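# build me a model:
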Amino acid sequence: MKRFLFLAVTMLALGLLSAGPALAQTAPSISYVYSNSNRYTPSAGSTITGSWTVIVQANASSSLRSFRTSIEAAESGIPSVSGGAASRNYSWGETSSAELRIPWDTTTITPYNGVYRITSYADTHVGSASTSANVNDIKVNNPPDTPSDLRSAVEGENVMVRWDANSEPDIVSYKVSRSVDGGSYSQVATVSPTSSPTYKDVAPPKGKALRYEVAALRRSPVTVSIASAPARTSSASTVPLPPPSPSPSPTGSPNPDGTTGNTTNRGTSSGNNSISGPLPAAPIAEGKGPVTAAPQVKARRDLGNFSTTLPYEEGEVPVPVEFADDPDVPNALERPMEALASASQLVQGTVHTPRFIAASVLMLIMALHLVRLSRKLLTAPE
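Numbers count the residues shown, from 1 in each chain. Modelled structure (predicted):
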């Protein structure tokens, strides 16, 4: 009996020794479950956004000892991934196949846009056979959120635009654009994410309805940057127009009598004369108080070719040269000094220019001749 047991143990030992090299050469296999429709395990070289599920399977001809998988950054400048890993350890004979799953929210597990890879590893108890498999060059390219709480306000002759900074850690800039009176938006500024999220429009069009939009830009493994949808101000801002400049006042020129004022002559025979500035006082006749303008006298009879009045400008008081029949009208021939005073006052009402002064002197001379002629006619015998 003892001899039989010894032979059995010897044969078992020899069998194990002969099978050992074959078992040591058998490594587990690793495979990924891909499905774009179900968002299972993005394939190598793909560009992804949003949420995925990494599914990895391991199979061995003998008992598995450990199995692990992880999501790792594949370029410099990206921090280590936190929370993107899964692993299991197994006892002897527990299982020869296993599956691991990693929920991959690309906005939280990998908050930085960039290039990533999936790395998996499995080994066995027998011979410590192991294998690994990677899924490389997975590009995470999430657009940034739209900037929030965008508003604008007029401050003096400027417009201040403000918004809340984005939470993404890889924002590269903010693009500020402006629309004038409902027109298309054109970029007016680029704001760094390290500065205050504000923009001061120091040269806005005045008197126009101004609206602003702001878009955030973050790093991208595909292009230079990827932009958010723009945020736009809900109401327009208008910088008021400056008040109109006052018109320059006309400069008065000195008149011949030493006063200042503007004189406009609109004709010599039928125009209107306007005079600004103080006028000289009316002259005082002999034995009289201040002389007022002589009243107009209508002609009472035909004197042939003899004019009833001296030449005068339109709108001025005519100088009467005939006898007035009405008792309430003073007789110009009987009161020559008053007629002269009236003629003198007529000169004062005209424009003080050499031409009108000469005309006034001529009128005075003619009036004196008419007075002398009238007296001769009165004293001549019939």
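# Ala358 should be in a strand, yeah?
No. According to DSSP: H, G, I helix; E, B strand; the rest coil, Ala358 belongs to no strand; its state is helix.
# heads up, I number from 35, so please use that
Shifting the count to begin at 35 puts that one at Ala392.
# can you count the residues close to it?
10 (other C-beta atoms under 10 Å). Where you see a C-beta, it was placed from the backbone N, CA and C, and this is true even at glycine.
# look up how far Leu398 lies from it.
Separation of Ala392 from Leu398 (C-beta to C-beta, to the nearest Å) stands at 11 Å.
# shaky segments in this structure?
35-59, 283-387, 414-416 (pLDDT under 70).
# in it, which spans are helices?
Along the chain, the segments classed as helices by DSSP state H run 36-58, 370-383, 388-413.
# how far away is Leu404 from Ser65?
From Leu404 to Ser65 the distance is 138 Å (C-beta to C-beta).
# who's more crowded, those two?
Leu404 (20 against 13).
# report how many residues lie close to the residue nearest to Tyr208 when sequence neighbours are not counted.
Setting aside the residues directly before and after it, Tyr208 is nearest to Val225 in space (C-beta to C-beta, 6 or more residues apart in numbering), at 4.3 Å. By the criterion of other C-beta under 10 Å, Val225 has 19 neighbours.
# do I have it right that Val225 meets Tyr233?
Yes. Val225 is within contact range of Tyr233, at 5.8 Å (criterion: C-beta atoms under 8 Å).
# any residues in contact with both of those two?
Residues touching both Val225 and Tyr233 by C-beta atoms under 8 Å, 6 or more residues apart in numbering: Val210.
# quick one: the nearest residue to Ser182 once chain neighbours are set aside from Ser268, how far?
Once flanking residues are discounted, Ser182 sits nearest to Asp198: 4.7 Å by C-beta to C-beta, 6+ apart. Asp198 sits 15 Å away from Ser268, going by C-beta to C-beta.
# residues in contact with stretch 125-134?
With C-beta under 8 Å, 6+ apart as the criterion, stretch 125-134 contacts 88-98, 101-103, 120-122, 124, 154, 156, 159.
# got a list of what the nearest residue to Leu251 once chain neighbours are set aside touches?
With C-beta to C-beta, 6+ apart as the criterion, Leu251 has its nearest non-adjacent residue at 4.2 Å, and that residue is Ser259. Contact analysis of Ser259 by C-beta under 8 Å, 6+ apart lists 206-207, 251-253.
# is it true that Arg253 touches Gly148?
Yes. The criterion here is C-beta under 8 Å, and Arg253 meets it with Gly148 at 7.3 Å.
# ok, what's across the strand from the residue nearest to Leu251?
Arg253 (DSSP bridges).
# measure it to Arg253 for me?
From Ser259 over to Arg253 (counting by C-beta to C-beta), the distance is 6 Å.
# likewise for Pro276?
44 Å.
# need the strands for the stretch 135-284 of the chain, in chain order.
According to DSSP state E, counting those that start in this stretch, the stretch 135-284 of the chain carries its strands in the segments 148-158, 164-174, 182-189, 192-198, 205-214, 220-225, 232-235, 244-253, 259-261, 265-266.
# may I see those arranged in JSON lines, with distance to Ala132 as well?
Conversion of the strands of the stretch 135-284 of the chain to JSON lines gives the following (distance: least, C-beta to C-beta, whole Å):
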{"stretch": "strand 148-158", "distance to Ala132": "8"}
{"stretch": "strand 164-174", "distance to Ala132": "13"}
{"stretch": "strand 182-189", "distance to Ala132": "45"}
{"stretch": "strand 192-198", "distance to Ala132": "46"}
{"stretch": "strand 205-214", "distance to Ala132": "41"}
{"stretch": "strand 220-225", "distance to Ala132": "51"}
{"stretch": "strand 232-235", "distance to Ala132": "55"}
{"stretch": "strand 244-253", "distance to Ala132": "37"}
{"stretch": "strand 259-261", "distance to Ala132": "38"}
{"stretch": "strand 265-266", "distance to Ala132": "48"}
